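In: next comes the sequence, and after it the predicted model I'd like to discuss.
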Amino acid sequence: MKKTRFLFVAIITLAFQLVSAQKEAKPAREVFDLYFNSWVKNDATAQKALNDYQRPTVEGQDMYQFDPSLMSENDNAMVDNFLSMFSKATASANKAETKAYFDAMLHNFRNPVYKLKSVKMVDNEYVENQKIAHYVYDVTFKVPEQLNDEEKKQFDFKNPKTVKPELLKKLLVTMTDKLKNASRTITTEQEFDLYAGEQDGKTYYYNGDPSALVTNLTDFYFDNVNISGQQ
């Protein structure tokens, strides 16, 4: 009798899981992957797939606007802000090297590895009968080795305005090479929520501010990757 009851409970539980899964337009884990790849990795294929997934919930429109030109403008602004610390002559002589340095640094930032540790469905305490998919995950970045003591002394820029063009060039080339050949890794645990909503009898997961996926990682990464090599 106990075995029969156990079997019955197992069958009912499995049936409930199957029905729940069938209601999802896409499994919660797959949706998170689209969000992560769209914002952190800026992957155009994932961005299109995410908008295609969300389209039934926004009357056939794109839920998110991805603008590659805006990302390019932001990247160029980082280069300009960095060069503004130096004299005009030094900055002018190192535009190409500075761009190569930031390209390598941002490439590593936009190509991390994430590992999803758990996904839990929890109640939204602010909205009745709404569920939230709560994700806990690790993100791992490749970062360069630190400058050695000799390099630190050589590149000790106490007054950037007095740095000679050739010295900044040497530093940028050194750091770019370290970034491109980075093998050391750093890992941070992160959390993120996707809200469940119903549309045409199916469950969709969404977040109104997915840029938090990036901003939550920015300080961690850039605190560990900087022009001086100090950690």
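Out: Ah, there it is. Numbering: from 1, shown residues only.
In: just checking, next helix/strand downstream of the top strand by length along the chain?
Out: Looking across the chain with DSSP state E, the single longest strand is strand 184-199. Where DSSP states H and E defines the elements, the next helix or strand beyond strand 184-199 is strand 202-206.
In: residues touching the residue positioned nearest the centre of the chain, list them.
Out: Centroid-nearest residue in the chain, with Cα atoms, centre = their mean: V40, separated by 2.7 Å. Listed by Cβ atoms under 8 Å, 6 or more residues apart in numbering, the contact partners of V40 are R110, P112, Y114, V139, L213, V214, L217. Any C-beta I mention is one placed from the backbone N, CA and C, and that applies to glycine too.
In: just the residues you listed now: which is nearest L167?
Out: Of all those, L167 sits closest to R110, with 29.2 Å by Cβ to Cβ.
In: okay, now that closest one: neighbour count?
Out: Neighbour count for R110, taken as other Cβ atoms under 10 Å: 16.
In: what residues are up against it?
Out: Counted by Cβ under 8 Å, 6+ apart, R110 has contacts V40, K41, N42.
In: how does it look with 6 Å?
Out: The contact partners of R110, by Cβ atoms under 6 Å, 6 or more residues apart in numbering, come to K41, N42.
In: wait, isn't T188 in contact with F220?
Out: Yes. Between T188 and F220 there is a contact at 4.8 Å, judged by Cβ atoms under 6 Å.
In: quick check: the residue nearest to the centre of the chain vs Q190, distance?
Out: Remark: distance between V40 and Q190 (Cβ to Cβ, to the nearest Å) = 10 Å.
In: what does F36 give?
Out: For F36, the distance to Q190 (Cβ to Cβ) stands at 10 Å.
In: okay, these two: which has more neighbours?
Out: F36 (23 against 17).
In: could you measure the more buried one against I186, distance?
Out: From F36 across to I186, the span is 18 Å (Cβ to Cβ).
In: just T162 next, same as before
Out: Per Cβ to Cβ, T162 is found 33 Å from I186.
In: do the same with N111
Out: N111 is 14 Å from I186, where distance means Cβ to Cβ.
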